[in-house]
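Peer 1: Just need the structure, nothing else, for what follows:
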Amino acid sequence: MTTTTLAVLVPLLPFLAAVAGLLLGRTAPGFARPLAVLPTLTSLVLAALVAGRQGGGPAVDSATELTPTGSVPIELALHIDGFAALVAVLVGLVASCVQIYSTGYLRDDPRYPSYAALVSLFTSAMLLVVYSGDLMVLLVGWEVMGICSYFLVGHYWETPEARAASLKAFLVTKLGDVPFLIGLFALATDAGSFRITRILSTVAGGGLDHPTVIALLLLAGVAGKSAQFPLHTWLPDAMAGPTPVSALIHAATMVAAGVYFIARLLPVFEASQAAMVVMAVMAAVTMAGSALAALAQDDIKRVLAYSTIGQLGYMTGALAVGDRGAAVFHLLSHGAFKALLFLAAGVIIHAAGTNSLAAMSRMGHLRDRVPDAYWTMTVALLALAAIPPFSGFFSKEAVLGVAEHVVTGHTEHAPAAAGWIVLVAGLLTAVLTAAYAARLWLLAFRGRGAEAPDHGRQPLTMTVVLWVLAVPSLALGGFAFRLLPDWFDGRDLGPTLTTSVLGTGLALAGGIVTYAAWRHTAARAARFPLGAVAAHPEGDAARVEAEAIASHEPAYGDIAQAPDPADPGRLLLGPLHRHAAAGFHLDAVYAALFVRPVQAGASLVRFLDREVVETYVRGAGALPRWLGAAVRRAQTGNVQTYVSALLAGTVVLAVAVVLVATGA
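Peer 2: Here you go, the predicted model:
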């Protein structure tokens, strides 16, 4: 079987599984689990075979014209280089883990068949984006992922949070997709083709007439899909969906698509230095802002959501300094440990038997209850914090290293301003990332919150997946930075001494300071033990102080259920904590700038429609109705009345004739 045939089957198998799952889900629910797991696993094996055959060598290209369109044809094309081959393996691995995990996590969910089918369709759409060599075909996968995210985030549609989150995710990403579509058409017009290879040839020959405009339009779509500032606000709210869906979206699909798209078309962006600087600023604001927000969140999934936004900022930063190898290296590394983080968080939530204990401040005594999640999440958090020798260290240092090369003038692929912006923001984010990772670990596994009921051991399908993902989270970076240059552009991805020392030192400092803050707040809170506050001799005064330390929330009916007061995030952020917890009020800003004016405009249109337009419409109908009523009254059916009217009319006409004749 040829490599092209294998590559076609990789996205096709999950698509067929999705169709079969949607058709048979109600009539034959027993087939839902095999249809979810087996095609996705087969797709993973085929993607690995394609990667093995491609081997980092010349790209595999194949195309056939999909439909005649005139001057700019649309082709069903494959373009599989080293980037595409490895990203497809990541997508297949994470999707397979999510499908296997979901058989245990959603085993009692009556809507599991439709859920599994949509996950398969989501996977197929991302694989289409990865392998596609034509931008219009890529756009199909891009948009299918958007509708799948709408349905999957809103899986628990009975809750208002899930309904609102699914709508927000759909609308915000579509807001970015409008300029993205315009940019695609502008790019194809300049290049004369939607084929990626021809577009890159045109760019290399200086054939783009409007590189800055095109790059900025495309960047808007990437900001929406990959949750970059200012279109990132949908991603934290999307945590209302099932946890396995969060793992899939954050690790291998949807948000990864935007970064991968820029990596595919990086020369288009490099043709405009202004676009590269804008991308660097976007990445820097995203990195630092999301890390601060993560340090203030209480819900464990929202912490991980803001973490994803920040790590995507690192990838975008690598692209802003002209190195797609470092960006995709971090994409692969992040995909492994972020999927592990979300699935481990799902085990914690599943152990509690309810989503309500996703609040870290209310977690307690979990280390011994979920040992698999404890050890694997520890590995993933160390990778997230970029502590050597975990995978995140090598991939993050690749990003910082290339930024340093731009700053020192060792490469001319990007302006020096972009290098400085990415380097400074990356180092600052390294401190904050280690801080919120340490805070999550301390509150989740060493917290003093109320102990939830023990719901027994977790399904084997859930715990095995954690250990599978722990392997690349621990060991991927150690050998990948030596092997990946052969698959990518040949640039060195090894850590450099300066950024390694700075990045690791700052990460360790962030973790140590967070631990010290946690010990300080724990010692302060120990003066008012949560279970004994009600009996404190100082009575209400002690209760008020304990609650103030805890969360500044209204008094709890049962103080034993209050949040753990030992939250280092409040101490570290100080007065900034309230703003960071609210995502720096961007939703409120958007509501004031866009939502309320649109609602006011809609109210005005409704008023004009009802009070002005409908008044004229009613008036236009009222006049004939009045005339008809007058004529109807004349039709009495009385012959004497008709004769009298006829005589009267005759007299009137006679008088009129006489008057006219006399006047003449």
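
Peer 1: My read is that Ala63 contacts Ile74, right?
Peer 2: No - using Cβ atoms under 8 Å, Ala63 makes no contact with Ile74, being 10.4 Å away. Backbone N, C-alpha and C define where each C-beta goes, glycine included.

Peer 1: what is in contact with those two at once?
Peer 2: When contacts are counted by Cβ atoms under 8 Å, 6 or more residues apart in numbering, Ala63 and Ile74 have Asp134 as shared neighbours.

Peer 1: quick one: which of those two has more around it?
Peer 2: More crowded of Ala63 and Ile74, by other Cβ atoms under 10 Å: Ile74, with 19 against 16.

Peer 1: For that one, give its distance to Leu184.
Peer 2: Between Ile74 and Leu184 the computed distance is 11 Å (Cβ to Cβ, to the nearest Å).

Peer 1: Gly52 too?
Peer 2: Where Leu184 is concerned, Gly52 sits at a distance of 32 Å (Cβ to Cβ).

Peer 1: that older thread, quickly list what's touching both of Ile74 and Leu184.
Peer 2: Common neighbours of Ile74 and Leu184 (Cβ under 8 Å, 6+ apart) are 136, 194.

Peer 1: count of residues packed around the closest residue to Ala84 other than its chain neighbours?
Peer 2: Closest residue in space to Ala84, ignoring its immediate chain neighbours: Val130 at 5.2 Å, by Cβ to Cβ, 6 or more residues apart in numbering. Look at Val130: counted by other Cβ under 10 Å, it has 31 neighbours.

Peer 1: Can you tell me which helices and strands the strand or helix carrying Val130 packs against?
Peer 2: Per DSSP states H and E: Val130 is located in helix 112-131. Applying 3 or more Cβ pairs under 8 Å, 6 or more residues apart in numbering; DSSP states H and E, one finds that helix 112-131 contacts helix 3-24, helix 32-54, strand 74-80, helix 82-105, helix 135-153, helix 243-251, helix 255-264.

Peer 1: Just want the angle from the fifth one to helix 112-131.
Peer 2: Going back to what we said before, that points to helix 135-153. 150 degrees (axes from the mean of the first three to the mean of the last three Cα atoms, to 10 degrees).

Peer 1: other SSEs contacting helix 135-153?
Peer 2: With contacts taken as 3+ Cβ pairs under 8 Å, 6+ apart, helix 135-153 sits against strand 74-80, helix 112-131, helix 160-191, helix 211-225, helix 243-251, helix 255-264.

Peer 1: would TSV of the ones you listed with mean pLDDT and distance to Val281 be doable?
Peer 2: Output for those, formatted as TSV (pLDDT from 0 to 100; distance: least, Cβ to Cβ, whole Å):
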stretch	mean pLDDT	distance to Val281
strand 74-80	90	30
helix 112-131	96	26
helix 160-191	94	17
helix 211-225	96	11
helix 243-251	93	23
helix 255-264	95	15
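
Peer 1: hmm, back to that, out of the helices and strands packed on helix 112-131, the one nearest Ile512 is which?
Peer 2: Ile512 lies closest to helix 243-251 among those, at 27.6 Å (Cβ to Cβ).

Peer 1: distance between that closest one and the chain's centre?
Peer 2: In terms of Cα atoms, centre = their mean, to the nearest Å, the centre of helix 243-251 is set 9 Å apart from its chain centre.

Peer 1: Same check on stretch 631-646?
Peer 2: Worked out by Cα atoms, centre = their mean, stretch 631-646 lies 78 Å from the chain centre.

Peer 1: mean pLDDT for the helices and strands packed on helix 112-131: which is lowest?
Peer 2: Mean pLDDT values for those show the minimum at strand 74-80, a mean of 90.

Peer 1: Which neighbouring elements make contact with it?
Peer 2: helix 3-24, strand 60-67, helix 112-131, helix 135-153, helix 196-204.

Peer 1: Give me whichever of these is most buried.
Peer 2: Ranked by mean neighbour count under mean count of other Cβ atoms under 10 Å, the helices and strands packed on strand 74-80 are led by helix 112-131, which reaches a mean of 26.

Peer 1: one step back: closest one to Pro11 among the helices and strands packed on helix 135-153?
Peer 2: helix 112-131 (3.8 Å).

Peer 1: send the alpha carbons of the closest one over as CSV?
Peer 2: C-alpha atoms of helix 112-131 as CSV (Å, rounded to 0.1, in the frame of the first residue of the first chain):
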residue,chain,number,x,y,z
TYR,A,112,-22.1,8.6,25.0
PRO,A,113,-22.7,7.3,21.4
SER,A,114,-23.2,10.8,19.9
TYR,A,115,-20.3,12.1,22.1
ALA,A,116,-17.9,9.4,20.8
ALA,A,117,-19.0,10.0,17.2
LEU,A,118,-18.4,13.7,17.5
VAL,A,119,-14.9,13.1,19.0
SER,A,120,-14.1,10.9,16.0
LEU,A,121,-15.3,13.6,13.6
PHE,A,122,-13.2,16.2,15.5
THR,A,123,-10.2,13.9,15.1
SER,A,124,-10.8,13.4,11.4
ALA,A,125,-11.1,17.2,10.9
MET,A,126,-7.8,17.9,12.6
LEU,A,127,-6.1,15.2,10.6
LEU,A,128,-7.5,16.7,7.4
VAL,A,129,-6.0,20.1,8.5
VAL,A,130,-2.6,18.4,9.2
TYR,A,131,-2.3,16.5,5.9
